[in-house]
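J.: just need the structure, nothing else, for what follows:
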Amino acid sequence: MMTETILQKIYRFPLKGFPGHRLEKTELKKNAGIPHDRRFAVTNGVEDTGEWMPSKSFFINSYVDGMSKFKCAFDEKTVSLENIKGETLAFEMDNPSSLEAANTQISTFMQPVGVKDDTHQPKIIDRGEGAVWDYVDTPISIINAQSVKALDEKLDTQLDPLRFRGNFIIAGLDAWEEFSWMGKRIQIGECILDVHRPIDRCPTPGVNPETGERDVEVTPGLRDHFGHIYCGMYAKVVQGGAVKSGDHIIVIGNAELNLEDVMVSNASNYALWPRAAEVIACDIGNNKTKLTLKTTAPWNAPEAQAGQRLKLHLGALGWTQEYITSSSTNQYTIEIEDSKTGDPITNHLRKGLEIGERIVISGPYGRV
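T.: Numbering: from 1, shown residues only. You can find the predicted model right below:
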C-alpha cells in the first residue's frame, strides 16, 4: 500500500446524465452529497413520483447515446443547457416558475436523443438535497485513479477517470485497494465518511467524456480481466466540513453501519462484492496448496458451503476461482491443485502466498 492517499479531483454533476464540472473545494453536510450534485434529472417517459427513482427513469449515458454531447453550464444560480443541435435551454435553480417554463420546452430539447410519443413526456425534476443518486444511499462516489490505470494496461487505453462520473478521484492508493475500505470510516479534510458498497459499473464508462462516443467496452473489460464489474466505492458523510483537492485521506476505523443498512433493495448481491481478505494460513503440499483466507471487513462474510466456489481477483495477474473445502465465520479454506495446462495464476497460487498478504475475493458462487 502506498504511503499517502490524497483527494486528487472533485467533480459535481448538477443534472444527472449530463456533463459535470470540476471543483477545487466544496463543503459537505452530514447525510448529503456535494451541494447541487445530481439535484436535477430529466425523466425519460416515466411519471415523476416525487420520491427517489431508479436511474432507468432518466436520460442517462447507460441507456441513451449522445448524452455526453450535450453541454451543461452551472453558475450556482442558473443551469444552462445546449443540445447537439445547438439549441439552448436555461432555468434558475431556486425559481419554480423558471423550472416550469423550462419544462414546456424540454420535450423538444431532448428530441435529438429520442422522445417517445406514447409515454409521459420528459420533465426536469428537482430533488434538492435528496438528489438523484444511483441508489437511495449513495451521496458520494469515490474512484481510485490507480484502479483505472490498471484497467488501462489491460485494455491498452488511456481512460480518463471522469468516465466513471465519480465525485472524488483519489490518488496514491494501490489498484483495487479501495475494496479494503468496505465497512471502514475515512477522513478527508474536515469530513468523515463511512464507506459501504463497491460500485457496480453500467455501460456509462464506455462513453468518452470528450467526444460523447461509446469507444471502449469498459464493463466487459473489467469482467474479462479482473473477474468482476466493480470500480470505485460509495460513501456517506457522517461529519460535514470542507474538503479540497490535495487533502490527505486516512482510514480511521470501522464505519458505524450495519450490513443490513447498506443492503438496499436494488443493490447487487452481497456475495458479488469484491472485498479484501488476508491470508492466515498456507500449507504447500506435494499435490496441492491449502489457503485459508479471512475477510478484513467488519461485517460477517457471506456464508459458504464446501463445494461452492470462491473467486480470487489477483490484479495484474488476472483472476481465478477455486472450490471451497471448508468455511467458518469470515473464513474460507480453498485447495489449489497443480494446473494441467500450465495456467500461470494457478502456478502462482500453488507456490503459496505470504501470511498476512491481502488479496481481493468475492463469492461464494454456485450451489452445492
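
J.: for this structure, just list every one of the helices.
T.: Here the chain has its helices, by DSSP state H, at 96-103, 106-109, 145-155, 218-226, 344-350.

J.: and Y135, which of the ones you listed is closest to it?
T.: Closest to Y135 of the helices of the chain is helix 218-226 (CB to CB; 17.4 Å). To be clear about C-beta, it is placed using only N, CA and C from the backbone, and glycine gets the same treatment.

J.: could the helices of the chain go into a markdown table alongside mean pLDDT?
T.: Shown next, in a markdown table, are these (pLDDT from 0 to 100):
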| stretch | mean pLDDT |
| --- | --- |
| helix 96-103 | 97 |
| helix 106-109 | 96 |
| helix 145-155 | 97 |
| helix 218-226 | 97 |
| helix 344-350 | 94 |
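
J.: need those helices in a markdown table (columns: mean neighbour count and distance to M233).
T.: Listed next are these as a markdown table, based on neighbours: other CB atoms under 10 Å; distance: least, CB to CB, whole Å:
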| stretch | mean neighbour count | distance to M233 |
| --- | --- | --- |
| helix 96-103 | 14 | 33 |
| helix 106-109 | 18 | 33 |
| helix 145-155 | 18 | 10 |
| helix 218-226 | 19 | 15 |
| helix 344-350 | 16 | 25 |
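
J.: out of those helices, which comes closest to I125?
T.: Proximity to I125, assessed across the helices of the chain by CB to CB, is greatest for helix 96-103 (9.0 Å).

J.: which strands and helices sit next to the closest one?
T.: strand 88-92, strand 124-126 (3 or more CB pairs under 8 Å, 6 or more residues apart in numbering; DSSP states H and E).

J.: what residue is smack in the middle of this structure?
T.: The central residue of the chain, meaning the one whose C-alpha is nearest the mean C-alpha position (CA atoms, centre = their mean), is I199 at 2.6 Å.

J.: would you list the helices of the chain in JSON lines and tack on distance to G166?
T.: Shown next, in JSON lines, are the helices of the chain (distance: least, CB to CB, whole Å):
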{"stretch": "helix 96-103", "distance to G166": "27"}
{"stretch": "helix 106-109", "distance to G166": "27"}
{"stretch": "helix 145-155", "distance to G166": "10"}
{"stretch": "helix 218-226", "distance to G166": "13"}
{"stretch": "helix 344-350", "distance to G166": "29"}
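
J.: among those, which comes closest to I34?
T.: Closest approach to I34 among the helices of the chain (CB to CB): helix 145-155, 18.4 Å.

J.: packing partners of the closest one?
T.: By 3+ CB pairs under 8 Å, 6+ apart, helix 145-155 packs against strand 168-171, helix 218-226, strand 230-239.

J.: partner strands of the first one, parallel or antiparallel?
T.: The one in question is strand 168-171. Sheet pairing of strand 168-171 (DSSP bridges) gives strand 5-12 (antiparallel), strand 140-144 (parallel).

J.: run through who's touching the first one.
T.: Counting contacts by CB atoms under 8 Å, 6 or more residues apart in numbering, the residues outside strand 5-12 that touch it are 20-26, 34-37, 74, 145, 161-162, 165-173, 188-189, 243-250.

J.: correct me, but the residue nearest to the centre of the chain touches I229?
T.: No - contact criterion CB atoms under 8 Å: I199 and I229 do not qualify, at 9.4 Å.

J.: hang on, the earlier thing: just say which of the helices and strands packed on helix 96-103 is most tucked in.
T.: strand 124-126 (a mean of 19; mean count of other CB atoms under 10 Å).

J.: pLDDT (mean, whole number) over that strand?
T.: Over the span of strand 124-126, the pLDDT mean works out to 97.

J.: ok, the closest residue to V136 other than its chain neighbours - contacts?
T.: Leaving aside its sequence neighbours, V136 sits nearest to W52 (CB to CB, 6 or more residues apart in numbering; 4.8 Å). Applying CB under 8 Å, 6+ apart, we find W52 in contact with R127, G130, V132, W133, V136.

J.: give the contact list for the second one.
T.: If a contact means CB under 8 Å, 6+ apart, then G130 has W52 as its contacts.

J.: redo that, cut-off 10 Å
T.: A32, G33, R38, R39, E51, W52, V136, P139 (CB atoms under 10 Å, 6 or more residues apart in numbering).

J.: go on, the third one?
T.: By CB under 10 Å, 6+ apart, the contact set of V132 is 13, 15-17, 37-42, 52-55, 57-58, 60, 125-126.

J.: so what pLDDT did the nearest residue to it once chain neighbours are set aside get?
T.: Closest residue in space to V132, ignoring its immediate chain neighbours: A41 at 4.3 Å, by CB to CB, 6+ apart. pLDDT for A41: 97.

J.: what residues are up against A41?
T.: By CB under 10 Å, 6+ apart, A41 lies in contact with 13-18, 48, 53, 55, 57-60, 123-127, 131-132.

J.: is it true that V79 touches R39?
T.: Yes - contact criterion CB atoms under 10 Å: V79 and R39 qualify, at 8.9 Å.

J.: quick check: neighbours shared by the two?
T.: The contact sets of V79 and R39 overlap at P14, L15, M93 (CB under 10 Å, 6+ apart).

J.: closest one of these to N254?
T.: Of all those, P14 has the smallest distance to N254: 33.4 Å, by CB to CB.
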